[in-house]
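>>> Here is a sequence together with a model predicted from it:
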Amino acid sequence: MKTIFALSFGILLGISLIPARSSALGHSGKDLLTGREVRFPSKEDRIPVLVFLSAKCPCSRSHEPELKRLHARFAGAGFEFIGVHSNQDETSAESKKHFKEAALPFPVIEDRGAKLADEFRALKTPHVFVLKGNEVVFQGGVDDSADGARAKKRFLEDALATLQQGKPLEVSRARALGCAIQR
């Protein structure tokens with residue numbers, strides 16, 4: 001009963017209840033635009049920032065400018081941004097078209113069958129997971145708004161800045177707002 005309550009409560013809050021460890025490191029996927037295999041992390045000293053995205057979710061789209069800004073700020077500091085497209089109700093053609101137009105400065109891999117989304121228990125787009133080693137050190141929303149332009153709290157930026165300084169995170173989980181990942 002407690003497990004059902006915790007899971008239901010987590011879903012209502014938009015916080016997935018994932019294990020502290022993940023076997024996702026060493027995974028790979030094909031970049032939607034180039035077809036190249038993308039492994040993460042690409043180098044041992046890189047910290048993967050997995051961002052579950054959607055081609056048609058307005059919330060996901062509204063956060064693309066912020067993700068570009070964060071990539072510009074943190075990619076040179078050892079963070080490796082990787083978009084993950086898991087929505088099974090979006091065609092490959094519409095996804096490729098959208099992500100080409102979005103011109104994100106990082107790869108977006110196809111998550112066929114939503115296997116990564118299931119492993120991480122990613123619920124919405126955008127939903128972010130920052131990994132250090134095999135540990136998920138941050139998970140949740142990019143910020144506190146379904147519209148990126150209206151955000152007041154920037155959860156992902158704060159987490160990356162804190163990790164960059166080598167300090168422990170004060171906030172390791174934040175509510176993810178957006179469209180449900182369609183499995």
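Great, that's in hand.
>>> is it true that Ala117 touches Arg183?
Yes - using CB atoms under 8 Å, Ala117 is in contact with Arg183, at 7.0 Å. For the C-beta atoms, the positions are set from N, CA and C on the backbone; glycine is no exception.
>>> What pairs with the helix or strand hosting Lys30, parallel or antiparallel?
Using DSSP states H and E, Lys30 falls within strand 27-30. Looking at strand 27-30 with DSSP bridges, its partner strands are strand 37-40 (antiparallel).
>>> How about the strand it pairs with, which residues are buried there?
38, 40 (16 or more other CB atoms under 10 Å).
>>> Pull out the buried residues from whichever helix or strand comes after that strand.
Using DSSP H and E, the helix or strand that follows strand 37-40 in sequence is strand 47-53. Neighbour-count burial for strand 47-53, counted by 16+ other CB under 10 Å, picks out 47-53.
>>> Could you identify the helix or strand that succeeds strand 47-53?
helix 58-62.
>>> Give the other helices and strands that that following helix contacts.
Helix 58-62 is packed against strand 124-125, strand 179-180, with contacts defined by 3 or more CB pairs under 8 Å, 6 or more residues apart in numbering; DSSP states H and E.
>>> Give me the sheet partners of the last one and which way each runs.
To tie it back to what came earlier, the one meant is strand 179-180. For strand 179-180, pairing defined by DSSP bridges yields strand 124-125 (antiparallel).
>>> Need the contact partners of the helix or strand just after the strand it pairs with.
Downstream of strand 124-125, the next assigned helix or strand under DSSP H and E is strand 127-132. Residues from elsewhere that reach strand 127-132, judged by CB atoms under 8 Å, 6 or more residues apart in numbering: 16, 18, 22, 24-25, 41, 47-52, 79, 120, 122, 136-142, 156, 159-160, 163, 176, 178, 181.
>>> List the contacts of Ala55.
Contacts for Ala55 (CB under 8 Å, 6+ apart) come out as 85, 87, 90, 94-95, 97-99.
>>> Compute the first-to-last residue distance for stretch 169-183.
31 Å (CA to CA, to the nearest Å).
>>> With stretch 151-158 instead?
13 Å.
>>> That stretch - what's its average pLDDT?
Computed over stretch 151-158, the mean pLDDT rounds to 97.
>>> Would you mind listing the buried residues in it?
Applying 16+ other CB under 10 Å to stretch 151-158 flags 151, 154-158 as buried.
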